[in-house]
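In: Give me coordinates for this.
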Amino acid sequence: MEKNNDISRRDFLKGSAMFSGSLLLSGLFPAGASEVISKTAEMNDADDLLKGVCDIHLHAEPDSRARSVNEWQFSYDAQRSGYRSVMFKSNDFSCHDRAYLIRQGLSDMEVFGSICMNRVHGERVNAFAAEKAVATSGGLCRCIWMPTLDASYHYRCEGRKEQGIPVLDDAGRVLPEVIRVMEICADANIIFATGHCSPEESIVLTRKAQEVGVKRVVITHANSHFWTMTPDQIRLCIDLGAYIEYCYLPCLWGEGTKMAQYKRQSIEEFIAFVRISPERSFISTDLGQAVMPHPVEGMRDCIIKLLRSGIPQREIDLLIRKNPAFLIGLN
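Out: Coordinates of the predicted model:
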């Protein structure tokens, strides 16, 4: 296995360009992606763009949805590309236990997992599942997400009749089981993430998490779809101690892609979010969907766009290296 996987830097860049080219031909990359692909193939220092990257929100197989790559292969790809760490997210399954196994074969790669409080764990937020995730061998569960695809707010936005998993009671107070998960995150000093809760719910959760003593609160994809926050809401969450996640995925989906049901976010809009407070923000790809680019290619595209938009290198380092590394406990 070591011999088969031991590709050279040149081979990786060549493979990345070929892979990206196939994505373009199949319509997976949005318009204008050819410029990024040629950039990937031509730049002698392409790997330097990715050195030290920490992508802490991405999806891979095994999963209950189709993904573009499996966790082992992506971890290897990330390692060869110069990444420092990755953290996997599955909406239905824990992946911190698989991170433990991946590390046995990639001992010098920082691979972490997380767990989402979705229906697979019960009709309510399951604090027992969170407790056991944190206690799993290796201590590699570095984030507990509130409900995502099964969140009450997500269901309402999709017009579904069934009841999603709540985080607040009818009076707008944080539910006891959610507070217990906050306590678990505080004790383990790991991320408490707001998942697919509404912007208003996320503010309430952030305020309570601060009271409980959580040091690593993350507002999940604050620039994405119907979870998008206003700048004032973002600043309030930062004042309450949260870190803000901006996902690059919305800049890649939309018209002309296989995720055309979503409105694409312009680079200008994305950059406007990023500029609000780089000191308390980070960028993740949220990639891994079978019809989207490989997450490595997505991250490279994002970094190139940041540079071309005039974002200083110091702020880029905060957004894709230092802040996510802190959040998963590497610093």
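In: now the strands for the stretch 51-200 of the chain?
Out: Using DSSP state E, counting those that start in this stretch, the strands found in the stretch 51-200 of the chain span residues 54-58, 85-88, 110-116, 141-145, 191-193.
In: do you know which of these lies nearest residue 184?
Out: strand 141-145 (7.0 Å; Cβ to Cβ). For every residue, glycine as well, the C-beta is placed using N, CA and C.
In: burial measure for residue 135, as a count.
Out: Applying other Cβ atoms under 10 Å, we find 11 residues neighbouring residue 135.
In: do residue 259 as well
Out: That count, for residue 259 with other Cβ under 10 Å as the rule, works out to 18.
In: mind listing what the closest residue to it other than its chain neighbours touches?
Out: Nearest non-adjacent residue to residue 259, counting by Cβ to Cβ, 6 or more residues apart in numbering: residue 253, 3.8 Å away. Going by Cβ atoms under 8 Å, 6 or more residues apart in numbering, residue 253 touches 30, 259, 260, 262, 264, 292.
In: can you check residue 92 too?
Out: 63, 64, 116, 118, 120.
In: Weed out the non-buried ones from the residues you listed.
Out: 63, 116, 118, 120 (16 or more other Cβ atoms under 10 Å).
In: From those residues, pick the one nearest residue 98.
Out: Using Cβ to Cβ, residue 63 comes nearest to residue 98 of the buried ones among the contacts of residue 92, at 10.8 Å.
In: show me the contacts for that closest one.
Out: Counting by Cβ under 8 Å, 6+ apart, residue 63 touches 90, 91, 92, 93.
In: Equivalent analysis for residue 317, please.
Out: residue 52.
In: Would you tell me what the next helix or strand after the strand or helix carrying it is?
Out: Per DSSP states H and E, residue 317 falls inside helix 313-317. The C-terminal neighbour of helix 313-317 among helices and strands, as given by DSSP H and E, is helix 323-327.
In: Identify the residues contacting that following helix?
Out: So helix 323-327 is contacted by 54-56, 84-85, 142-143, 191, 216, 218, 243, 279-282, 284, 331 (Cβ under 8 Å, 6+ apart).
In: Whichever of the residues you listed end up buried, select them in PyMOL.
Out: The following PyMOL line selects those of those that are buried, judged by 16+ other Cβ under 10 Å:
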select buried, resi 54+55+56+84+85+142+143+191+216+218+243+280+281+282+284
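In: Neighbours of residue 127, how many?
Out: 20.
In: quick one: contacts for it?
Out: Contacts of residue 127 (Cβ under 8 Å, 6+ apart): 177, 180, 181, 184.
In: Can you tell me how far it is from residue 177?
Out: According to Cβ to Cβ, to the nearest Å, residue 127 and residue 177 sit 5 Å apart.
In: Flag the shaky bits of the stretch 101-250 of the chain, pLDDT-wise.
Out: Along the stretch 101-250 of the chain, no part satisfies pLDDT under 70.
In: can you pull the pLDDT of the spatially most central residue of the chain?
Out: Taking Cα atoms, centre = their mean, the centroid of the chain lies closest to residue 57, which sits 1.8 Å from it. Residue 57 carries a pLDDT value of 98.
In: Could you find the closest non-adjacent residue to it?
Out: residue 284 (3.6 Å).
In: My understanding was that residue 59 contacts residue 88; is that so?
Out: Yes. Contact criterion Cβ atoms under 8 Å: residue 59 and residue 88 qualify, at 7.2 Å.
In: What separation do you get for residue 101 and residue 121?
Out: Counting by Cβ to Cβ, the gap from residue 101 to residue 121 is 21 Å.
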